[in-house]
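> one predicted model, sequence on top.
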Amino acid sequence: DDLPEGVINSFPYLLAQRGIVYTHLGSVEQGLKFLNKAEALLLDTGEKEALARTITWRATSYRFLGNYEASLEDAEKVLGLFDGFDAIRAEAMRIKGLALHSLGRMLEAFEPLEQSLTIYNSLADQDNIAITHMDLGFAFMSIGDSSNALHHYHLALDLWQKTKNLTRKANLLNNLGVLAHAKGDLLQAESYFSEALTCARQAGYTRIEAFTLASQGDLLADLAFYEAAIECYRKSRQIAEKLEERFLLLYLGLANTKLARMQGKIDEAFEKLHKVETFAKESKSSYSLGLWFLEQGTLLLKSGEITEAIAAEKKTISYLKNGGQKIEAAQALIYLALAQYQGGNQESAIASIVEAASVASSLESYYPLIVTGKDSREMLDQIKNNPKVHVFTRDFLQQIEEFEEALPQLRRQIRRQGKQDSFAPPDISIHALGQAQIYLNGEVLDKPEWSNQKTVRELFFLLLANHDGMTKEAIGLNLWPESTIKQLVPQLSKVVG
């Protein structure tokens, strides 16, 4: 920036470098202007290599802005300029794969990414080898292939541990956290997210800080830490707006929509969904559109608009299934089945569940479908004896039950483990007159460890009535008047857990 404009304009490659620096600092629109100007000047000078690098950098800028078609077009343009195996061609291949991935064409992304890796290996370019391994890991994760994703992630991590590259390590740790979350290993996911935030902040890498905060918000939302999730999304959005990170802004809008829906705030959820509709449609990404229609269909279903919900979920499936996004496609198929079931078409509902089971069959865990399954539990319970879906519904319902049983302990562990953000306390409402009931975050507490344990409930209300506290002897006299002092300790320990 300190160089005179005349000097920079005399050296168009300097102008291009200025553009990519602006892009990575978050001023993407300004960076794009510099890159466009540099391209025009380089076309006149005939500097082929500098032109190729400039167009490659511009492809990155377009991707950050959510203009994936333009990014893909630029990558193809560079590949047309260079036939040899060199670093520029390798980077263009990598960007082509990322653009295809962002457009929702996940299965098409693998070939250019693997070609890029081959070239970087031939050049012994360790940093870019690691970057491409990470991109391949992300691509595998997007199609639900956890094993291959983990393989590529660990290859990248090994390289970056040696070089102590905090920027790259932060990106990878976030991805590992997302993968652990998808597999249902929530404690490991939180650990990865915490370390990713530390690395990102030490490196000053705000882009990955924003993505990690969004990932952490997703985890907290699953655990019903709604206020903490909202705070993570808010912080992420602040950064994303400064960086003009279009996909993340769309994602956060949909995440907040889902959060409002989970809390029963349907009107608010529709408002949030409408605000990001333009982002989804302008992206021309089948993945982004699929995510938007998935949330729209689910909201319509919650509102009782069955016909509209069916149409939206079918659109979701058409956008996602062919692209290889198994998790989101399976979610849409389950919601489609629920809409068909509520519309009185049980035969179609069963057919949709059969298809969902087929799509989800390669997933290591049904955990990513748990929230969808909880919404659909009544239907799943009603159709579970149908031989076409018996195995899937049995296993799926069992995983939902296991998650709900583990949830209180998970919440306590995550609350203890979380270091970087405050966790909102649960919203508890106690009705002690008439039929005694506890409302947790607006819903009647009916978990087995509560509703099936009479002594647990008695202990709760006993302590509530004696807010100054009680000794274990006093508790024993009330709950087990026939027990000796020696018997009270194991009895009380069993109740408290």
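Looks like it arrived, so ask away.

> what about stretch 91-109, average pLDDT?
The average pLDDT within stretch 91-109 is 94.

> which parts of that stretch are buried?
91-107, 109 (16 or more other CB atoms under 10 Å). Yep, even glycine has a C-beta here, placed from its N, CA and C like the rest.

> could you work out the end-to-end span of stretch 363-378 for me?
23 Å (CA to CA, to the nearest Å).

> related to what we said a few turns ago, narrow the buried residues of stretch 91-109 to those in helices?
91-102, 106-107, 109 (DSSP state H).

> for this structure, what spans make up the strands?
428-431, 437-440, 443-444 (DSSP state E).

> can you say which of those is nearest to K272?
Proximity to K272 (CB to CB) singles out strand 443-444 among the strands of the chain, at 21.4 Å.

> let me see the mean pLDDT of that closest one.
68.

> same question, stretch 257-268
In the prediction, stretch 257-268 has an average pLDDT of 93.

> show me the contact partners of that stretch.
Stretch 257-268 is contacted from outside by 221, 226, 229-230, 233, 269, 272-273, 276, 295, 298-299, 302-303, 371, 441-442, using CB atoms under 8 Å, 6 or more residues apart in numbering.

> wait, doesn't G137 sit right on A149?
Yes: applying CB atoms under 8 Å, one finds G137 in contact with A149, separated by 4.6 Å.

> residues contacting the residue nearest to R377 when sequence neighbours are not counted?
Leaving aside its sequence neighbours, R377 sits nearest to I400 (CB to CB, 6 or more residues apart in numbering; 6.5 Å). Neighbour list for I400: 370, 373-374, 377 [criterion: CB under 8 Å, 6+ apart].

> and those residues, which two are the farthest apart?
Applying CB to CB across those, the maximum distance is between I370 and R377, 10.4 Å.

> now do the shared contacts for G137 and A149.
Any residue near both G137 and A149 by CB under 8 Å, 6+ apart counts here, and that gives L179.

> might you report the residue contacts of the residue nearest to P368 when sequence neighbours are not counted?
Once flanking residues are discounted, P368 sits nearest to I327: 4.5 Å by CB to CB, 6+ apart. The contact partners of I327, by CB under 8 Å, 6+ apart, come to 144, 182, 360, 363, 368-369.

> restricted to helices, list those.
182, 360.

> ok, so of the contacts of I327, who is nearest P481?
Looking across those and measuring by CB to CB, the closest to P481 is L369, at 48.1 Å.

> and the helices in the stretch 51-200 of the chain?
68-81, 87-102, 106-123, 126-142, 146-163, 166-182, 186-203 (DSSP state H, counting those that start in this stretch).

> what about stretch 170-179, distance to the chain center?
11 Å (CA atoms, centre = their mean, to the nearest Å).

> now do it, average pLDDT.
94.

> show me what counts as buried in that stretch.
170-179.

> cool, stretch 259-274 as well?
259-263, 269-270, 272-273.

> now those in JSON lines, with distance to L159?
Below are the buried residues of stretch 259-274 laid out as JSON lines (distance: CB to CB, whole Å):
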{"residue": "L259", "distance to L159": "36"}
{"residue": "A260", "distance to L159": "41"}
{"residue": "R261", "distance to L159": "41"}
{"residue": "M262", "distance to L159": "39"}
{"residue": "Q263", "distance to L159": "42"}
{"residue": "A269", "distance to L159": "42"}
{"residue": "F270", "distance to L159": "46"}
{"residue": "K272", "distance to L159": "40"}
{"residue": "L273", "distance to L159": "41"}
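
> out of those, which is nearest to E245?
Distances from E245 to these, taken by CB to CB, are shortest for K272, at 18.0 Å.

> for the closest one, give its distance to I230.
12 Å (CB to CB, to the nearest Å).

> list residues touching both of these two?
Jointly contacting K272 and I230 under the rule CB under 8 Å, 6+ apart are N256.

> that older thread, tell me which of the helices of the stretch 51-200 of the chain lies nearest to K314.
Of all the helices of the stretch 51-200 of the chain, helix 106-123 comes closest under CB to CB, at 20.0 Å.

> N478 reaches F461, doesn't it?
No: using CB under 8 Å, N478 is not in contact with F461, being 10.5 Å away.

> now do the buried residues in stretch 17-36.
17-20, 22-24, 26-28, 30-32, 34-35.

> show the pLDDT at D395.
93.

> measure it to S361 for me?
11 Å.

> what's the answer for E282, then?
To S361, E282 is 35 Å away according to CB to CB.

> and the lowest mean pLDDT element among the helices and strands of this structure?
None of the helices or strands of the chain scores lower by mean pLDDT, DSSP states H and E than helix 448-451, at a mean of 60.

> tell me what angle the longest helix seen in the chain forms with helix 186-203.
Using DSSP H, we find that the single longest helix of the chain is helix 390-417. Inter-element angle recorded for helix 390-417 and helix 186-203: 50 degrees (by axes from the mean of the first three to the mean of the last three CA atoms, to 10 degrees).

> in helix 390-417, which residues are buried?
392-393, 396-397, 399-400, 403, 410-411, 414.

> so which of those would you say is closest to L42?
Distances from L42 to these, taken by CB to CB, are shortest for I414, at 52.0 Å.

> isn't that closest one up against D185?
No: between I414 and D185 there is no contact under CB under 8 Å: 12.0 Å.

> list residues touching both of those two?
Counting by CB under 8 Å, 6+ apart, nothing touches both I414 and D185.

> before we move on, the earlier item: ranking the helices of the stretch 51-200 of the chain by mean pLDDT, which is last?
Across the helices of the stretch 51-200 of the chain, helix 146-163 gives the lowest mean pLDDT, at a mean of 88.

> from A351, how far out is S215?
Here S215 is placed at a distance of 34 Å from A351 (CB to CB).

> quick one: which of those two has more around it?
S215 (24 against 17; other CB atoms under 10 Å).

> next up, the contacts around that one.
Taking CB under 8 Å, 6+ apart, one finds 174, 177-178, 181, 193 in contact with S215.

> next one: S142
Here S142 is in contact with 101, 106, 324-325 (CB under 8 Å, 6+ apart).

> how confident was the prediction at K454?
74.

> how about T23, what does it touch?
Taking CB under 8 Å, 6+ apart, one finds 31-32, 35, 57, 60-61, 64 in contact with T23.

> so what's L150 closest to, chain neighbours aside?
L179 (6.5 Å).

> so how far is L254 from that neighbour?
Distance from L179 to L254, by CB to CB: 20 Å.

> turn the buried residues of stretch 170-179 into CSV, including distance to A309.
CSV is the format used below for the buried residues of stretch 170-179 (distance: CB to CB, whole Å):
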residue, distance to A309
A170, 39
N171, 37
L172, 38
L173, 37
N174, 33
N175, 33
L176, 35
G177, 32
V178, 28
L179, 31
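
> could you give the number of residues near K321?
19.

> state the pLDDT value of the spatially closest residue to it that is not a sequence neighbour.
Take K321 and drop its neighbours on the chain: the residue closest to it by CB to CB, 6+ apart is A329, 4.4 Å away. pLDDT for A329: 93.

> same question, F85
pLDDT, F85: 59.

> please shift the residue numbers so they start at 32 in all later answers.
Shifting the count to begin at 32 puts that one at F116.
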